[in-house]
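Engineer: After the sequence you'll find the predicted model.
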Amino acid sequence: MSEATAIGDGIFQIPVPMSHNPLGNTLVYAMESPGGLVLVDTGWGDDEGWQGLTSGLESIGHSVSEVEGVVLTHFHPDHTGLCGRVREASGAWIAMHESDHDMFEKMSEGRGQEWMDYQLANLARAGAEPEDLAAFEKASDANAPVGPDAAPDRKLEDGELIALTGRDLRAVFTPGHTPGHVCFYLEDADVMFTGDHVLQKTTPHVGNFVYPLEERDGLAEFLDSLRRVQSMDVTRGLGAHGRPIDDVAGRAVELIEHHEERLDHLYEAFADDQITVWEVAQRMKWYRPWTDFHPMAKGMALSEAAAHLRHLVTREQVAQVPGTEPALFVARR
């Protein structure tokens, strides 16, 4: 059973469990709206998560059938997983930024060996060894964690106002963690629902695919979005994981500085070598040795490494070596 916590300003926080994940839960937020309730995210889509969400709503005297709408910070399954069940129970609309609609579709339709082959090809282009590919395939679930039934049916735009009871919730486009990540600002309370854009302790994941390098510079988007949030001078932040943030602007500065340090460290780690994206991931500074990473964690780390590498290419500090396969990269001195 989950119980919602009243955290002031008419906001209720519901921890929706995901016991398979070290994060433990996703924090869903509920507020009264003209047609019932609006939720910020829904949580992981299994029976445990559903029990957590429904019992949390019941603990504040509401039912999931009263949900008028759901605004999604981004497409990841720990945020979108229960959308289908919420909509089936209540008829709620589900809103997500346009830039994440395509990402959701790819995730939700990615099933079976075709999806696994795509992921393995991406790792191979990065320079992963055959034993790394075998370990990743063995550790992976080829099925998508969210089905098409959870698909959003409404597109959010930057600055759009979502009607609550006697006030509005404003969408603030903050790409980086995903291409379509959105924070939501409750202006009358000076509270921002930060999703996975700004977290109190955790450094949000910022990733790119390889291809050998995706055209999108996800880290540049993330840093620009942090600066935007910083400039808004928001006091209180409520993220999807962890404790509340007492100074959103200050925390945004800390995250910017963290990534600048990582970029400097990675640039120096190149030395004079020509290395693959996989080797870039091996040389990045992590919280534990690369050799201790679970195969799935290596996939996430590779995505993060590709984002930092892509940004160093944007800054013309690193260049791709022409005609190499897998692609090699070298630092410009």
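Structural biologist: Now that the structure is in, tell me what you want to look at.
Engineer: where does the stretch 101-250 of the chain have low pLDDT?
Structural biologist: Scanning the stretch 101-250 of the chain for pLDDT under 70 picks out 110-112, 141-144.
Engineer: Quick one: the strands in it, in order.
Structural biologist: Secondary structure of the stretch 101-250 of the chain by DSSP state E, counting those that start in this stretch: the strands cover 154-156, 161-164, 167-173, 182-186, 191-195, 236-239.
Engineer: out of these, deepest packed?
Structural biologist: Across those, averaging neighbours per residue (mean count of other C-beta atoms under 10 Å) puts strand 191-195 on top, at a mean of 27. Where you see a C-beta, it was placed from the backbone N, CA and C, and this is true even at glycine.
Engineer: List every C-alpha atom in it, with coordinates, as PDB.
Structural biologist: Taking C-alpha atoms only, strand 191-195 is exported to PDB below (Å, rounded to 0.1, in the frame of the first residue of the first chain):
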ATOM      1  CA  VAL A 191       7.000  25.300  -7.200                       C
ATOM      2  CA  MET A 192       8.400  23.400 -10.200                       C
ATOM      3  CA  PHE A 193       7.800  19.800 -10.900                       C
ATOM      4  CA  THR A 194      11.200  18.900 -12.400                       C
ATOM      5  CA  GLY A 195      10.700  15.300 -13.500                       C
END
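Engineer: which residues of the stretch 101-250 of the chain fall in helices?
Structural biologist: 112-126, 130-139, 218-232, 248-269 (DSSP state H, counting those that start in this stretch).
Engineer: closest to Asp158 out of the ones you listed?
Structural biologist: Closest approach to Asp158 among the helices of the stretch 101-250 of the chain (C-beta to C-beta): helix 218-232, 10.0 Å.
Engineer: buried stuff in that closest one?
Structural biologist: By neighbour count with 16 or more other C-beta atoms under 10 Å, helix 218-232 contains the buried residues 218-223, 225-226, 229-230.
Engineer: And stretch 161-174, end to end?
Structural biologist: Taking C-alpha to C-alpha, to the nearest Å, the first and last residues of stretch 161-174 lie 16 Å apart.
Engineer: ok, and the closest non-adjacent residue to Glu68?
Structural biologist: Gly35 (3.6 Å; C-beta to C-beta, 6 or more residues apart in numbering).
Engineer: Oh, that last question was meant for Arg87, not what I typed.
Structural biologist: Nearest in space to Arg87, with sequence neighbours left out and distances taken as C-beta to C-beta, 6+ apart, is Ile94 at 6.1 Å.
Engineer: so what's the one you found up against?
Structural biologist: With contacts defined as C-beta atoms under 8 Å, 6 or more residues apart in numbering, Ile94 is in contact with 69-70, 72, 83, 86-87, 150-154.
Engineer: Could you grab the helix/strand/coil label for it?
Structural biologist: The three-state label for Ile94, taken from DSSP: H, G, I helix; E, B strand; the rest coil, comes out as strand.
Engineer: beta partners for it?
Structural biologist: For Ile94, the beta-bridge partners are Val70 (DSSP bridges).
Engineer: picking up where we left off before, reformat the strands of the stretch 101-250 of the chain as a markdown table; add distance to Val146.
Structural biologist: Listed next are the strands of the stretch 101-250 of the chain as a markdown table, based on distance: least, C-beta to C-beta, whole Å:
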| stretch | distance to Val146 |
| --- | --- |
| strand 154-156 | 17 |
| strand 161-164 | 22 |
| strand 167-173 | 22 |
| strand 182-186 | 18 |
| strand 191-195 | 16 |
| strand 236-239 | 21 |
